[in-house]
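Student: compute the structure for the input listed below.
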Amino acid sequence: PAAWVEAPGYMPDSPSRKEPDPTTVIWSFRLRQATVVRGRLRGPDGVVPKLTGECWLIVGDDVGAARVWADGEGRFEAAIAGTKGPLFLRTEDYAPVRLGVEATGPGVLDVGEIHLVPGRRLRGRVLDVTRAPVANVRVGVRSLDLGLGIGSAMTNAKGEFEIGGLGDGELEVSTSEMVSAPLMGGRPDTKRRGVFAGCADLVLEQPEGNAVLVRLRDASNEELVVRTVRVYVRRPPEREFWSSMFGQNVHTVRIQRDLPGDYDLRVEAEGYETADVPRVTFPEGRATPVDVRLTPKTK
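Tutor: Got it, this is the predicted structure:
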C-alpha cells in the first residue's frame, strides 16, 4: 500500500513506514512549512499560454523548485519548502522570467500576472576529440544574465541535443555529467559561453597522457558501433592480460598507461567476436585514436 498527505501551507518530508504486525502499517510524515506562491500566467496578447512541456517555479539558482500546474484561466498555486531567494519561472516553450519578488520564508506570496514571451531553442552536438558523436551525455544551459540554470537535455545516439525555453542574452552551454562515460578517464566537462544563434557544438576535452582512444567499428560497414565493451591490456612479453577498462553503451574507450610504449589489447564487445589487437603504441604525453574493427557474431 502507498500513502500520502496534503496539508495547505505545508510540504511532506520523507515518510517512514513501520509494520508492527502483519495486519498493521503505520506511516509517519514530517511536515515542513512552505512558501505558497500564487499567480496567473499570461501569454502573448494576454491570452492563456499553451504549455506543451513542464513548467517550474524556481527559487535562486535551483535551491528550491516546484512544478506548476495552471488551470484553464492560467491560475496556479505552488508550494516551495522553506527556501529564500529570487523567484523565476521556467517552461519548455517560453523564455524564463524573473518575477521581481523574492521568497522570504513560509507564508503566501501572490506574484500577480506573469507575462510570457516565446522562447528560443538551442540545437547542437557533443563530439569527442576524434569528432565522433557522443551519446548519453547531459547538456545544460545557464543564463548568465539571470544567473540561473534554465534547461538541460540528454544527447541521442548521434550526439545531438535540443533545449527549448531559452531567452535572449548570453548563455553558457556545458556538459558536466557523463552518464555512461563514453570517454573513460577523460575530463567530461566542457563549457562554451556566448550568444548562440540556435546552434552549438561541444567537443569533450581530453587531458594529455600516455593514452589511446579505442574506437569500435563494425568490420562489415566501417561504422562506429555503440556497445557494452571491456578492453583488456597487457605489455609484452607478459602472457596474461592483467588490466581492463569497462564501458556501457559506448563507442570509444579511453585507456591510459603510466608508461608509454607498445601494449596488446583484447576487445570484448556485446554481439561481436573477441578482437585481439597486438602492438598498439601508447604515445608519450598525448592521446591517439585506434580503430578496432569488430566481426559480428554469427547465429
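
Student: go ahead and confirm residue 251 touches residue 228.
Tutor: No - counting by C-beta atoms under 8 Å, residue 228 is not a contact partner of residue 251; they are 11.2 Å apart. In this view, the C-beta of every residue, glycine as well, is placed from N, C-alpha and C.

Student: of these two, which one has the most company?
Tutor: The residue with more neighbours, out of residue 251 and residue 228, is residue 251; 26 against 14, by other C-beta atoms under 10 Å.

Student: relative to the one helix or strand residue 202 maps to, what are the paired strands and their orientations?
Tutor: In the assignment (DSSP states H and E), residue 202 maps to strand 199-203. Strand 199-203 has its sheet partners listed here by DSSP bridges as strand 120-127 (parallel).

Student: the very next helix or strand once past the strand it pairs with pairs with which strands, and in what direction?
Tutor: Beyond strand 120-127 in the direction of the C-terminus, DSSP H and E gives the next helix or strand as strand 137-143. With DSSP bridges as the test, strand 137-143 is paired with strand 148-154 (antiparallel), strand 171-178 (antiparallel).

Student: figure out which of those is closest to residue 48.
Tutor: Checking those against residue 48 by C-beta to C-beta gives strand 148-154 as the closest, at 22.6 Å.

Student: moving C-terminal of the closest one, what's the next helix or strand?
Tutor: Next in sequence after strand 148-154, counting helices and strands by DSSP H and E, comes strand 160-166.

Student: distance from the chain centre to that next one, please.
Tutor: Offset of strand 160-166 from its chain centre (C-alpha atoms, centre = their mean, to the nearest Å): 12 Å.

Student: and stretch 267-281, by the same measure?
Tutor: Worked out by C-alpha atoms, centre = their mean, stretch 267-281 lies 30 Å from the chain centre.

Student: give me the contact list for that stretch.
Tutor: Under the criterion C-beta atoms under 8 Å, 6 or more residues apart in numbering, residues 212, 214, 216, 218, 225, 227-232, 236, 260-266, 288, 290, 292-297 lie in contact with stretch 267-281.
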